[in-house]
Each structure stands twice: as structure tokens, then as C-alpha cells.
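K.L.:
Below: sequence and its predicted model.
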Amino acid sequence: MLRTRAMTAVTPSPKAAEAATNGLVLALPKGRILKECAPLLAAAGIAPEPDYADESSRRLRFHTAIPELDVIRVRSFDVATFVAFGAAEIGICGADVLMEFDYPEIYAPLDLGIGACRIAVAEPADAAGRTDFGRLSRVRVASKYPNITRRHFAARGIQAEIVALNGAMELAPGLGLSRLIVDLVQTGSTLKANGLVETETIAHVTSRLIVNRTALKTRPEEIAHWIARFRDALAAA
Ligand SMILES: Nc1ncnc2c1ncn2[C@@H]1O[C@H](COP(=O)(O)OP(=O)(O)OP(=O)(O)O)[C@@H](O)[C@H]1O
Ligand SMILES: O=P(O)(O)OC[C@H]1O[C@H](OP(=O)(O)OP(=O)(O)O)[C@H](O)[C@@H]1O
């Protein structure tokens with residue numbers, strides 16, 4: 001799947017607006033961030049139905065102990081889309097996802113300090129340092145971040161040809177699919193295990209609380225209330 005919707009202006013659908021009258025929806029990313037979110041949610045007084053954290057459960061929407069707040073569990077890239085379109089008023093997602101989509105409808109008021117990693121360029125260890133980027137006009141890069149990758153190389157006058165992958169990027173250079181990769185790195189062990197080294201850090205990443213800007217205007221007290229609850233929860237951590 002190509003994720004190339006950066007800079008896209010979106011209009012909340014009538015259904016999303018209608019759902020909003022019934023309460024707020026908080027979009028959470030399944031996977032590693034969901035686990036890291038749990039203490040923060042508890043500190044913010046959000047107690048979803050217990051199976052929200054059970055990824056074997058087929059349910060996707062969960063009530064919380066607060067009647068006017070529901071939680072949905074979606075893919076991390078999709079949290080930004082749900083919030084940008086107003087289908088969820090608030091959400092939690094990585095700064096990598098925000099950088100990739102760059103939705104003007106999203107406001108990210110809080111750095112939650114979880115999901116720390118970086119987005120980086122990597123290449124085979126045996127080729128590292130040998131590329132003269134000053135002389136390069138095109139380069140093939142495997143990534144699930146086509147927009148971040150294109151912008152990064154364009155800034156130095158290089159046209160990045162993207163090989164779109166959703167995982168296992170680290171295989172690409174060894175199999176001749178690309179010269180470089182752009183992916184998330186935390187400990188560096190995935191790169192090392194696959195004979196790659198990080199050559200450039202594009203950005204440091206943590207997860208953010210995000211809100212839909214229209215909701216912020218139309219329901220300012222409720223949204224401000226939730227931002228304050230997360231801010232207090234962070235301060236207490
Ligand atoms: N190794 C890592 N260390 C810390 N945070 C990470 C790491 N990898 C990803 N993240 C953060 O967690 C978010 C979700 O990543 P995760 O790997 O759980 O999902 P994904 O594999 O990208 O998504 P999906 O399974 O939906 O394709 C990323 O957007 C990033 O902000
Ligand atoms: O530097 P490290 O600590 O090794 O972490 C980096 C790895 O973590 C992420 O993958 P993830 O485990 O989420 O798997 P994925 O390929 O399915 O996204 C990322 O895509 C790297 O492969």
C-alpha cells in the first residue's frame with residue numbers, strides 16, 4: 001500500500017460529524033505503542049473495556065468507564081487518517097506518521113515521550129561511506145515513508161525512487177531491490193542483524209497526542225479538557 005496522502009486537505013464526513021454529537025472517540029494505534037500507552041491512559045483516568053488491549057479480539061471499538069468517551073484500535077498509520085477526517089477527535093500516534101502525512105487538520109499539542117526511536121537512512125555496512133552523495137542525482141530507496149524519503153533526498157538535490165515496502169525493509173539492499181533504506185531504528189539490532197548501518201538520522205521520533213482542529217474549534221471545552229488530562233497524567237508520571 002502506498003501511503004502518499006501528505007498535504008491533503010480533508011473535510012469531515014457528515015457521518016463523522018453526527019458521531020461526534022454522541023461523544024468523543026480516541027484513536028489508539030495497535031502494536032507496540034498500545035502497550036506503552038496503557039500507564040498513561042490509566043493516569044489520565046481512561047479505563048477502556050479490557051479487551052481493547054487484546055489483539056486477538058476482533059472488536060475495534062470499545063467503551064470506556066467514561067460514557068462520553070470511546071476508544072478505537074487501528075493501525076498506527078491510520079490513527080492520523082481517522083483524526084484528520086474527524087472520525088476520531090483525538091488520537092495517539094508516532095511523529096513519524098505525522099511527518100509522513102503532514103495533515104493540516106491535525107494539531108499535536110503534547111509529546112507523550114513514548115515510542116522513542118528515530119527515522120534514519122541505512123545502507124549495507126560494506127558500502128557505507130563510499131557513496132559520494134554530491135555526485136548522485138537519483139537513488140533507489142526502500143521505505144514505507146515515501147514522502148519523508150523524497151523530501152529528505154530532494155533537499156540535497158537527489159531524486160529518490162521509492163520502493164514501497166510495509167516491513168522487512170532491511171532485506172532490500174541485500175537482494176538488489178534498493179541501494180538504501182529509510183526506516184525506524186531504535187536499538188539498531190535489526191540493522192545489525194541484516195548487515196546494514198545507519199548513515200543519517202532524519203528525525204527523532206516519539207508519540208504525540210493529536211487532535212482534530214475542527215473539533216478543537218467546535219468543541220473547545222471537551223477537547224481542552226482531554227488535553228489537560230493527558231498533560232496532568234504526563235506531569236504525574
Ligand atoms: N523499534 C521501534 N522502537 C520504538 N518505537 C517504534 C519502533 N518501531 C516503531 N515505533 C513507533 O511505533 C509506531 C508503530 O509501529 P509498529 O511497528 O507497532 O507498527 P507498524 O508495523 O508500523 O504498523 P502496522 O503493523 O500497522 O503496519 C511507529 O509509527 C513508531 O512511531
Ligand atoms: O532498531 P531496532 O530496535 O531493531 O528496531 C527497528 C525495527 O523496529 C521496527 O520494526 P517492527 O519491529 O515494528 O516490525 P515491522 O517491520 O513489522 O514494522 C522498524 O521497522 C525496524 O525494523
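P.N.:
Sure thing, it's come through. Ligands and ions are numbered 1, 2, ... in the order given.

K.L.:
and residue 226, which of the three is it?
P.N.:
Three-state call for residue 226 (DSSP: H, G, I helix; E, B strand; the rest coil): helix.

K.L.:
tell me the domain boundaries of this protein?
P.N.:
Under the assignment automatic domain parsing, the domains of the chain span 14-116+206-236, 117-204.

K.L.:
which one of these is the most hemmed in?
P.N.:
Of these, the one with the most neighbours on average (mean count of other Cβ atoms under 10 Å) is domain 14-116+206-236, at a mean of 18. For every residue, glycine as well, the C-beta is placed using N, CA and C.

K.L.:
What is the distance between it and the centre of its chain?
P.N.:
With Cα atoms, centre = their mean, to the nearest Å as the basis, domain 14-116+206-236 stands 12 Å off its chain's centre.

K.L.:
so does that domain get close to ligand 1?
P.N.:
Yes - Domain 14-116+206-236 comes into contact with ligand 1 (Cβ under 6 Å from any ligand atom), by way of 29, 31, 32, 33, 75, 76, 94, 96, 97, 115, 116, 207.

K.L.:
Format these as CSV; extra columns: pLDDT.
P.N.:
Converted to CSV, these look like this (pLDDT from 0 to 100):
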residue, pLDDT
29, 97
31, 91
32, 92
33, 95
75, 97
76, 95
94, 98
96, 98
97, 98
115, 97
116, 98
207, 98
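
K.L.:
contacting residues around residue 37?
P.N.:
Residues counted as contacts of residue 37 (Cβ atoms under 8 Å, 6 or more residues apart in numbering) are 28, 92, 112, 114, 207.

K.L.:
Please identify which of those is nearest to residue 83.
P.N.:
Of all the contacts of residue 37, residue 83 sits closest to residue 92, with 9.5 Å by Cβ to Cβ.

K.L.:
I figured residue 26 was touching residue 69, is that so?
P.N.:
Yes - contact criterion Cβ atoms under 8 Å: residue 26 and residue 69 qualify, at 6.3 Å.

K.L.:
got any residues that touch both of those two?
P.N.:
Shared contacts of residue 26 and residue 69, counting by Cβ under 8 Å, 6+ apart, come down to residue 46.

K.L.:
Can you pull the residues of the chain lying near ligand 2?
P.N.:
Residues of the chain lying near ligand 2 (Cβ under 6 Å from any ligand atom): 167, 168, 183, 184, 185, 186, 187, 188, 189, 190.
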